[in-house]
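Enquirer: Below is the structure, and that's it, no one-letter string:
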């Protein structure tokens, strides 16, 4: 969909939807598909936020179509770039250790 854009702000990736009278309703599948085709596809997509993004976006689209709001952009955070992390835990007797690795996402 050509009305979708993604923009990085610090470590956050924002969804930008250009809303006008012709903008179709948003769906989770549509957002995921557009995100996966974007340059930020390696970032950590916030799947738990998708239902509220769809709901808020569709409310804005309806307001624009009913001319309650002027045409404009709907902007919402959709993903984040995460740094990698390595944690090492040493037991009290210093005989065993446990390492945890969090992978880099989006860099």
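Expert: Yep, that arrived. Computed from a predicted model, the values in this text were never measured in an experiment. Numbers count the residues shown, from 1 in each chain.
Enquirer: residues contacting residue 64?
Expert: Counting by C-beta atoms under 8 Å, 6 or more residues apart in numbering, residue 64 makes contact with 19, 20, 21, 23, 70, 71, 72. All C-beta spots, glycine's among them, are computed from the backbone N, C-alpha and C.
Enquirer: Then residue 40?
Expert: Counting by C-beta under 8 Å, 6+ apart, residue 40 has contacts 6, 8, 13, 79, 81, 106.
Enquirer: Surely it is in a helix?
Expert: No - using DSSP: H, G, I helix; E, B strand; the rest coil, the assignment for residue 40 is coil, not a helix.
Enquirer: and the residue at minimal distance from the centre of the chain, backbone torsions?
Expert: By C-alpha atoms, centre = their mean, the chain has its centre lying nearest to residue 78, at 1.6 Å. Phi and psi for residue 78, reported as degrees, to the nearest 10, are phi -120, psi -20.
Enquirer: so the residue lying closest to it once chain neighbours are set aside is in which element?
Expert: Distances taken as C-beta to C-beta, 6 or more residues apart in numbering put residue 15 closest to residue 78, at 4.2 Å, once the chain neighbours are dropped. Remark: residue 15 resides in strand 12-19, with elements defined by DSSP states H and E.
Enquirer: Average pLDDT for that strand, rounded please.
Expert: Mean per-residue pLDDT for strand 12-19: 95.
Enquirer: Mind listing the strands it pairs with, and their directions?
Expert: Strand 12-19 has the following strand partners under DSSP bridges: strand 4-9 (antiparallel), strand 72-80 (antiparallel).
Enquirer: looking at those, which is buried most?
Expert: Per residue and on average, the most neighbours among these fall to strand 72-80, with a mean of 18 (mean count of other C-beta atoms under 10 Å).
Enquirer: and the strands paired with strand 12-19 as CSV, adding mean pLDDT?
Expert: Formatted as CSV, these follow (pLDDT from 0 to 100):
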stretch, mean pLDDT
strand 4-9, 93
strand 72-80, 95
